[in-house]
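Enquirer: Fold the following.
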Amino acid sequence: MAPLSMNSISLSTFNATLARYSSIAPAKLADLDALRYVTIPAKLAERKKEEGNASLAKSEVESLVEWKLKHGTFRPKLLQLVQSNPALLIEETTRSAFAILDPTSPLPALKLVTALKGIGPATASLLLSVYDPDGVPFFSDELYRWVSWGDGGAGGGEGWKKKIKYDVKEYAVVVQKVGELMRGLGVRAQDVERVAWVLGKEGVDVGADEEGGEEEVAHAPGKRPEIEEDSKQVVKKTKTKGSKEKGEVKTASKGETKAVKKSVKRTCEAVSPPEGVRRSSRRKVDS
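Expert: Numbering: from 1, shown residues only. Okay, here's the model as predicted:
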């Protein structure tokens with residue numbers, strides 16, 4: 001299987017994984033997906049163009065939180081807390097955050113949004129990501145676990161079961177790792193998020209390609225792999241007159257011995273792989 005870790009995924013594998021999103025995402029979430037990935041980002045872009053800045057309406061924030069809860073871990077009280085924020089406060093807070101948002105360093109804007117009730121770092125990152133879907137990643141469970149795969153951590157668990165604290169420090173890791181991947185592959189933050197979601201739902205062991213790695217098969221000059229040992233035995237058994245094999249005398253002329261050696265050499269060249277061939281020692285991953 002092609003490498004799927006954050007550090008080694010190729011652009012072709014990234015795009016192939018992204019293409020599976022629509023077939024894996026539940027059909028009942030299609031309307032919320034459209035709001036989150038298309039409608040609300042488009043409205044914000046239009047407001048920014050017309051007004052020079054933009055903000056989110058309370059109804060839009062509620063829809064985004066609903067999307068988050070149904071797309072990930074459902075926490076019913078979270079939506080109630082968000083709904084308790086005055087509409088004007090939500091608009092003013094998101095406008096201020098968007099005005100200072102820097103996709104390479106979104107933490108100052110993130111902290112402004114977390115002043116709202118029910119809005120922690122993960123939900124705040126979601127609000128920022130719809131304003132800048134190209135540059136700001138959403139702090140989803142799957143994305144954090146993908147970018148921190150194999151890093152351990154005090155929270156416990158590993159892989160897709162890794163515990164998450166949902167704090168600013170963890171989001172800083174997401175921003176850094178996603179930024180590196182975006183620059184390396186030339187992809188959007190929004191698409192990185194969806195690729196992580198697909199991998200998480202498929203339960204792929206994305207670290208398997210790095211655990212075994214690839215082993216370089218090296219041979220000493222003039223030496224051949226396994227078959228050379230077999231060829232030595234053949235030549236040894238066809239030594240000159242007087243040699244014994246299993247108690248029987250085996251005679252051979254010099255011409256016959258040379259002929260056998262030439263035959264063995266041709267066999268080695270036909271069967272032996274060229275020097276430097278890589279043998280994959282990757283384990284087969286479960287999907």
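Enquirer: Let's test this: what are the backbone torsions at the closest residue to residue 75 other than its chain neighbours?
Expert: The spatial neighbour of residue 75 that comes closest, neighbours along the chain excluded (C-beta to C-beta, 6 or more residues apart in numbering), is residue 69 at 6.1 Å. All C-beta spots, glycine's among them, are computed from the backbone N, C-alpha and C. Main-chain torsions, residue 69, degrees, to the nearest 10: phi -70, psi -40.
Enquirer: Now for residue 69: which residues touch it?
Expert: By C-beta atoms under 8 Å, 6 or more residues apart in numbering, residue 69 lies in contact with 75-76, 78-79.
Enquirer: That one and residue 181, how far apart?
Expert: According to C-beta to C-beta, to the nearest Å, residue 69 and residue 181 sit 27 Å apart.
Enquirer: Equivalent analysis for residue 190, please.
Expert: 13 Å.
Enquirer: cool, residue 98 as well?
Expert: 24 Å.
Enquirer: And what about residue 183, helix, strand or coil?
Expert: In three-state terms, and counting by DSSP: H, G, I helix; E, B strand; the rest coil, residue 183 is helix.
Enquirer: What number of residues are in the vicinity of it?
Expert: By other C-beta atoms under 10 Å, the residues close to residue 183 number 9.
Enquirer: just residue 119 next, same as before
Expert: 25.
Enquirer: just checking, it touches residue 83?
Expert: No - counting by C-beta atoms under 8 Å, residue 119 stays clear of residue 83, with 11.7 Å between them.
Enquirer: Chain neighbours aside, what residue packs nearest to residue 55?
Expert: Residue 55 sits nearest to residue 95 (C-beta to C-beta, 6+ apart), 3.7 Å away.
Enquirer: Make sure the one you found is actually in contact with residue 53.
Expert: Yes - with contact defined as C-beta under 8 Å, residue 95 counts as touching residue 53 (5.9 Å).
Enquirer: Can you list the low-confidence ranges for this structure?
Expert: 152-156, 209-287 (pLDDT under 70).
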